[in-house]
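J.: Test case, fold it:
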Amino acid sequence: MPSYTEENYLKAIYKLAEAAPGEEVSTNRIADVMQTRAASVTDMLRRLGEKGLLHYQRYRGVSLTAEGRRLALQTIRKHRLWEVFLVQKLGFNWDEVHEVAEEMEHLQSPLLIRRLDEFLGFPQLDPHGDPIPTEDGAMHRPQHRLLGDLAPGECGTVVAVKNTSPLFLQYLDKVGMGLGSLFEVLDKVEFDNSLEIRVNQNQVVLVSAEVSRNIFVTA
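T.: Down below sits the predicted model:
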């Protein structure tokens with residue numbers, strides 16, 4: 001059974017590989033995500049390699065083994081189910097759940113997670129729109145577009161976010177662009193690619209290019 005820290009490393013490596021398919025998951029990239037020194041990462045990678053959870057060759061990057069991938073997806077599944085529970089059943093806001101779920105994702109009871117999934121009605125998405133892996137590791141990935149790729153006149157619905165930091169989520173709440181919000185792109189400012197958007201058929205907001213690159217929509 002992996003330790004809390006080992007689970008966090010496996011999850012981080014999986015997400016880095018998922019975010020940039022085909023790119024090397026390097027020690028430095030892992031160190032940035034884990035907020036630690038590259039030397040500490042190297043020691044952990046060596047340990048995980050000895051346990052058969054990843055393939056690691058110095059200067060050639062890292063890839064998870066089948067067992068490492070299974071454990072990473074298991075941790076992600078628990079995290080996202082707990083986020084759903086916190087929002088739907090305990091009244092947490094979507095910007096408040098990440099840190100709590102980070103603690104709860106390390107509970108090692110398959111039966112508890114199975115019952116939690118059933119209790120919640122087998123949700124497919126977490127409160128941020130991220131897909132929840134099934135118990136056997138399958139994960140449905142909806143086809144989304146980035147808001148920043150839309151042109152004036154296009155309409156759609158906010159369905160997920162890339163940036164899940166509390167400050168970003170609080171900003172979206174402030175401008176009324178939570179999940180499920182309807183919008184219409186009114187204009188794209190040529191100078192900086194910011195977007196003028198009508199939200200829920202009434203409020204008009206101006207969002208920066210950075211914001212628009214962190215919102216997934218269906219259009």
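
J.: ok, longest helix in this structure?
T.: helix 66-90 (DSSP state H).

J.: Just name whatever secondary elements that one is in contact with.
T.: Other elements packing on helix 66-90 under the criterion 3 or more CB pairs under 8 Å, 6 or more residues apart in numbering; DSSP states H and E are helix 4-19, helix 98-104, helix 110-119. In this view, the C-beta of every residue, glycine as well, is placed from N, C-alpha and C.

J.: Which residues outside stretch 10-22 are in contact with it?
T.: With contacts defined as CB atoms under 8 Å, 6 or more residues apart in numbering, stretch 10-22 is touched by 2, 25, 29-30, 33-34, 48, 53-54, 62-64, 68-69, 71-73, 75-76, 79.

J.: The nearest residue to residue 156 once chain neighbours are set aside and residue 150, how far apart?
T.: Leaving aside its chain neighbours, residue 156 sits nearest to residue 219 (3.3 Å; criterion: CB to CB, 6 or more residues apart in numbering). Distance, residue 219 to residue 150, using CB to CB, to the nearest Å: 6 Å.

J.: what sits in contact with each of these two?
T.: Common neighbours of residue 219 and residue 150, counting by CB under 8 Å, 6+ apart, are residue 156.

J.: hang on, the earlier thing: which of the contacts of stretch 10-22 are buried?
T.: 2, 25, 29-30, 33-34, 48, 53-54, 62, 64, 68-69, 71-73, 75-76, 79 (16 or more other CB atoms under 10 Å).

J.: List the contacts of the most centrally placed residue in the chain.
T.: The residue lying closest to the centre of the chain (CA atoms, centre = their mean) is residue 130, at 5.7 Å. Shown in contact with residue 130 (CB under 8 Å, 6+ apart): 80, 160.

J.: before we move on, back to that, which one of residue 219 and residue 150 has more residues nearby?
T.: residue 150 (20 against 16; other CB atoms under 10 Å).

J.: For that one, which non-adjacent residue is closest in space?
T.: residue 185 (5.0 Å).

J.: Just name the shakiest helix or strand of the chain by mean pLDDT.
T.: One helix or strand of the chain scores below all others by mean pLDDT, DSSP states H and E: strand 54-57, with a mean of 89.

J.: Which strands and helices lie in contact with that strand?
T.: Using 3+ CB pairs under 8 Å, 6+ apart: strand 54-57 touches helix 38-50, strand 61-64.

J.: What pairs with it, parallel or antiparallel?
T.: strand 61-64 (antiparallel) (DSSP bridges).

J.: Surely residue 192 is in contact with residue 211?
T.: No - using CB atoms under 8 Å, residue 192 makes no contact with residue 211, being 11.5 Å away.
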